[in-house]
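Participant: Dropping the sequence and predicted coords here.
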Amino acid sequence: MKQKDEQAGLVQVIADFLEMGHVENIVAMFKQDVSCYALTGILVQDERFMVRIGMAVLFEELTTLRPEEIILAIPHLVPLLTSPTPYIRGEAANLLGIIGTREALTEIARLHKDPDPQVREIVADILADTT
């Protein structure tokens with residue numbers, strides 16, 4: 001129970017910092033502790049738009065700084081591609097697109113016929129940029 005409470009507290013701190021635009025602090029945190037990548041699936045589901053934007057900025061930065069580590073987020077994002085909530089599917093696809101590995105792009109491609117037009121557009125844009 002204590003570990004779950006600590007994780008929830010850490011997620012809240014990261015989300016709050018991202019919402020305030022303090023991405024550089026979160027970049028430092030991810031660089032110091034790769035276990036933070038396990039939280040990406042939770043963070044990308046945050047209802048606050050600025051947190052989700054912050055996640056994209058964070059991933060763009062980490063892709064440049066730590067390309068060998070960012071792939072640790074993939075297993076935590078892929079399950080979200082089947083979320084019943086369209087914005088969650090779209091955000092997960094966006095982050096996987098930023099990661100840009102063959103594995104990530106293969107997972108994204110499965111959404112090319114998503115029922116939500118915005119998700120389909122995100123997927124089409126990502127896949128068009130990689131060809």
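Facilitator: Perfect, thanks for sending it.
Participant: Distance-wise, check the residue nearest the centre of the chain relative to residue 70.
Facilitator: The centroid of the chain falls nearest to residue 95 when counting by C-alpha atoms, centre = their mean (4.2 Å). To residue 70, residue 95 is 9 Å away according to C-beta to C-beta, to the nearest Å. (Each C-beta comes from the backbone N, C-alpha and C, glycine too.)
Participant: Overlap in contacts, the two.
Facilitator: Counting by C-beta atoms under 8 Å, 6 or more residues apart in numbering, the residues touching both residue 95 and residue 70 are residue 59.
Participant: how about low-confidence regions in this protein?
Facilitator: 1, 131 (pLDDT under 70).
Participant: which stretches of the protein form strands?
Facilitator: Using DSSP state E, the chain contains no strands.
Participant: where exactly do the helices run in it?
Facilitator: 2-19, 23-32, 40-43, 49-65, 67-70, 74-77, 86-99, 102-109, 117-129 (DSSP state H).
Participant: How about residue 66, nearest residue that isn't a chain neighbour?
Facilitator: With sequence-adjacent residues excluded and distances taken as C-beta to C-beta, 6 or more residues apart in numbering, residue 66 is closest to residue 31, at 6.4 Å.
Participant: so who does the one you found touch?
Facilitator: 62, 65, 66.
Participant: For ChimeraX, what selects the buried ones among the residues you listed?
Facilitator: Only the buried entries of those go into this ChimeraX selection, using 16 or more other C-beta atoms under 10 Å:
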select :62,66
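Participant: Show me which of the contacts of residue 31 is closest to residue 77.
Facilitator: Within the contacts of residue 31, proximity to residue 77 (C-beta to C-beta) peaks at residue 62, which comes in at 13.2 Å.
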